[in-house]
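Chemist: Next input, structure requested:
(chains A, B, C and D)
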Number of protein chains: 2
Amino acid sequence: MTTQKVNINDIAKKTGLSITTVSRVLNGKSEQYRIGKKSQEKIKAAAKELNYVPNQFAANLRTGRSNTIALIVPSLNNPFFASIASKINAEVRKFGYITIIGDSDENQEIEKMELQQLMSRNIEGLIIVPCGDQWEHLKHLHDQGLPIVCIDRYFDDLDIPFVSTDNYDGAYSVTKHLVENGHRTIACIQGVRRSTPNKLRVKGFSDAMKESGITSFSIVGDDFSVQNGYLETKLLLQQKDRPTAIFSLSNTIAMGCIKAFKEENIRIPDDISLITFDDHPYLDYLATPLSCIAQPVSDISKIAVKFLFSILENTEIQTNKVLLKPKIKYKESIKRIV
Amino acid sequence: MTTQKVNINDIAKKTGLSITTVSRVLNGKSEQYRIGKKSQEKIKAAAKELNYVPNQFAANLRTGRSNTIALIVPSLNNPFFASIASKINAEVRKFGYITIIGDSDENQEIEKMELQQLMSRNIEGLIIVPCGDQWEHLKHLHDQGLPIVCIDRYFDDLDIPFVSTDNYDGAYSVTKHLVENGHRTIACIQGVRRSTPNKLRVKGFSDAMKESGITSFSIVGDDFSVQNGYLETKLLLQQKDRPTAIFSLSNTIAMGCIKAFKEENIRIPDDISLITFDDHPYLDYLATPLSCIAQPVSDISKIAVKFLFSILENTEIQTNKVLLKPKIKYKESIKRIV
DNA sequence: TCAATATGTACAAACGTTTGTGCATTATAT
DNA sequence: ATATAATGCACAAACGTTTGTACATATTGA
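Modeler: Take a look at the predicted model:
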C-alpha cells in the first residue's frame, strides 16, 4: 500500500555517511559542523532523488518544538473572524510555522476543551479571541510559559499582550456623529455583554450620549448574531418612541437589522438610520450603502503575529498592548435630521 | 520558566505502576490487557491530579498516526471556500482529528509547496480544492496511499474521490431560464478556465444557448476574482451590442459586476439582469436581491469528510464520486423581456 | 620531525510514547 | 496435590530525529 517512507537513515546508507552528518546538512548546519562540500552535495542530491520529506514528529519530539501555533476564534462563520483567520494563517506561514484553527462557538467550555487538545499537540503559541469572561485557564497556560496574544477581545486585569481596535473611540465618534446629525433617539444593539469590545463600545456610546445631554437611550441585545440583531430590531420598531437611528455593534447584528427592516418595509435612511461595527465588501452594494466602523483586520492580524513571534524568539518588544484606531466610513445610511 | 511537562513516566512513578500499564489505562485498553480496577483508578486519579496532557508527537511517532488531516483551498478570502473550511474544520473535529488549513492562492506552485510541508507533518488525509490543471503531484500522493478527496474542483481522468456541485446542471438551468425570460444577448463571465467547475458551467451555459438556437454569445474573463468581474463587466458595457443579462460564475465575479454597474449607473434588473453562482447571506439585502445558484456547501463538506474517513477506516463505500444538485434561487435580479 | 591545530565525520543518548511478549501470581479443575 | 488456565502487570524495543562529544586524519608551525 503505502510506499516505504524514506528517512534520514536511507540517505545515510545511500551516501555512505552517517545519519548525524545527513541531519546536519539537511538542517543547514553544514558550516557549523564543518561538513565537506562534496558530502553536502551528495546528501542533498540523495535527499532530492529519494524524495525525502522529514518527519516533523520525530524532530519535534527531539527538539520539543512543533512549529505550530494555535488560533482560536469564537466563530469562523463570522466574516470578521474568518478574515482574521485567513490573514493570520498567511502571516504565520511566513515564519515557517503552521496554524491550527479552532472554533469555540462562543462557548467557554468548548474553548477550554479545544485548548486542551491543542496543548497536547505541543503548540508553541496561541492567538485567541477569548469568549466569555473567565480567564483562569488562559492565565494558567500563560504562567506555564505558553506565549499568548489576545486579539479583538482581551482582559484588562490580565497581563497578556493584546491587539484590538479602539472600540471606545469608534463607538464614541459615531455616536457623536449621529447626534450631530440630529438624532436623539438612538438604540444600540449590543453583542456578548461581558466581552471587552462590547463593553467598551457600549461605554463609548453611552458616554457620547450623556455628554450630548441625552440621558435616555436603549441598549439592547446580548449576542453577536444575526438573530439577535433581527429580534431586537423587530422589538425596537414596535416601540411607541421608535428610534431614528440604530447603532449595531457587529456586522452580524447589522444583517439582522436589515432583515427586520426589509420585512417591515422600513427604508434606510429615510425611515431609520443605521451604522455598524465591522466592514464587509458587500456593504457598499446594499440597497443603501451601509456606514460602518471598519476594524483594521489586516493590521490586527499582522501585529498579533508579530507580538507572538517576538515572545517566541525572546525579542524584547517595547509595548505589547495596543489599540488600533478604526476607520469610520460614513455612507448614505445616515440621515440628517433637521 | 515553563513548568515541567508531566509525562507518562511521572504517573508511573507516582502510582508505583509501570509506564506500560499507565499507557494502556490512559488509552482505554484496560480491558484488553486486563488491568485491575484499582490500578485503573489510581492511574486516572494521578493523571488528573498531575494535569497530564499526552504528548501527541511521541504517540504519533510511535504509531505513525497523526490524527491530522489537511485542507487546501485556493483562497480563504473567497467566502465560498471560507465557509467550506469552517464546515470541514468542525466535521473533522468530530472524529477527534485536527485540520490544518492551507491556502494555495490559486497558484499551483504554492499548492505543491504547501503539500510538501503538510506531508512532513504526517497528515493522514487530504481534502483539496485543486487549483490549476496539473494533477501529477496529487496522483503521486494518492499512489503512495494518502487518502485524498477533491471538493468543488476535480479531475475526471483521475481516480480520486470527489464531491462537487452539479455545475453543468446549474448553469444549464439558469441559462434556459434567462432565455425563457426573453434574453438573447447573454454574456457569461467565467473564472479559472481550466478548472472543472468552470468548464462544466461554461458548457452548461453554451449548450443551453445553442439548444435555444442562439449561436452567438460571449464568454469572457479568466479568474474567480472581483477584479475580473469588474473589468469584464466594464468592457461588456461598452459593447455596441450590450448584453441584457450577465451570468457570473462566482460570487466574487458578481461583486465585480455590481461594482461596475454602480459606477456606470446601471440598474439591476431594469438595465441589465444578473445571476451568479454561489450564495451569500448578503445577496438578499443588495439594492436588488441577487439571483444565485446556491451550492450545498454544508453537504459538500460533510460528504467530503465522510468519504475521507471511510477511506481512512477502510470502510467500503458504495460510491466515491458525487455531484450534488445546486439550489437555484430566483430573485428580482432577472427581468422578463417582452 | 613533532606537537598543535584545523577539518571532517561518527557514536550514542535522548525525546515520550506504544506494544509484542513474557513472567509472575492466583484461581480453577482434576 | 498437581496441572492448567486466568489474571495482572512489566521489559524492552521501536518510531525518526537532533546534538554533545569524541575520534580520526590532515594541515600547519616551529
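Chemist: where are the low-confidence patches of the stretch 1-150 of chain A?
Modeler: A:1-4 (pLDDT under 70).
Chemist: could you redo the last one with a cut-off of 50?
Modeler: A:1-2 (pLDDT under 50).
Chemist: OK, contacts around the nearest residue to A:Asp156 once chain neighbours are set aside?
Modeler: Once flanking residues are discounted, A:Asp156 sits nearest to A:Thr196: 7.0 Å by Cβ to Cβ, 6 or more residues apart in numbering or on different chains. To be clear about C-beta, it is placed using only N, CA and C from the backbone, and glycine gets the same treatment. Counting by Cβ atoms under 8 Å, 6 or more residues apart in numbering or on different chains, A:Thr196 makes contact with A:Arg153, A:Tyr154, A:Phe155, A:Asp156, A:Ser164, A:Asn167.
Chemist: Please apply the same query to A:Thr15.
Modeler: When contacts are counted by Cβ under 8 Å, 6+ apart, A:Thr15 is found next to A:Val22, A:Ser39, A:Lys42, A:Ile43, A:Ala46.
Chemist: thinking again about what came up before, now, which of the contacts of A:Thr196 lie within helices?
Modeler: Counting by DSSP state H, the part of these found in helices is A:Asn167.
Chemist: biggest separation within the contacts of A:Thr196, which pair?
Modeler: Greatest spacing in the contacts of A:Thr196, by Cβ to Cβ: A:Phe155 and A:Asn167 (14.2 Å).
Chemist: So which of these two has more stuff around it?
Modeler: Ranked by neighbour count (other Cβ atoms under 10 Å in any protein chain shown), A:Phe155 and A:Asn167 place A:Asn167 first, with 26 against 16.
Chemist: Quick check, central residue of chain A?
Modeler: Geometric centre of chain A, nearest residue: A:Ile84, 4.5 Å, by Cα atoms, centre = their mean.
Chemist: ok but it is inside a helix, no?
Modeler: Yes: per DSSP: H, G, I helix; E, B strand; the rest coil, A:Ile84 lies within a helix segment.
Chemist: related to what we said a few turns ago, show only the entries of the contacts of A:Thr196 found in strands.
Modeler: By the criterion of DSSP state E, membership of the contacts of A:Thr196 in strands covers A:Ser164.
Chemist: any idea which of the contacts of A:Thr196 is least confident?
Modeler: Ranked by pLDDT, the contacts of A:Thr196 bottom out at A:Asp156, which has 88.
Chemist: how many other residues sit next to it?
Modeler: Neighbours around A:Asp156, by other Cβ under 10 Å: 9.
Chemist: is it true that A:Asn51 touches A:Val6?
Modeler: Yes: assessed by Cβ atoms under 8 Å, A:Asn51 is found in contact with A:Val6 at 6.7 Å.
Chemist: neighbour-wise, which of these two wins?
Modeler: Under the criterion of other Cβ under 10 Å, the comparison of A:Asn51 against A:Val6 puts A:Val6 first, with 16 against 13.
Chemist: Quick check: the gap between that one and chain B.
Modeler: 11 Å (Cβ to the nearest Cβ, to the nearest Å).
Chemist: ok, now A:Asn27?
Modeler: Distance from A:Asn27 to chain B, by Cβ to the nearest Cβ: 13 Å.
Chemist: TSV for the contacts of A:Thr196, including distance to DNA strand D?
Modeler: Output for these, formatted as TSV (distance: Cβ to the nearest atom of the strand, whole Å):
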residue	distance to DNA strand D
A:Arg153	36
A:Tyr154	34
A:Phe155	35
A:Asp156	39
A:Ser164	36
A:Asn167	43
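Chemist: Now A:Thr233: closest residue in space that isn't a chain neighbour?
Modeler: A:Ala260 (3.7 Å).
Chemist: phi, psi of the residue nearest to A:Asp156?
Modeler: Note on A:Thr196: its backbone torsions stand at phi -60, psi -50 [degrees, to the nearest 10].
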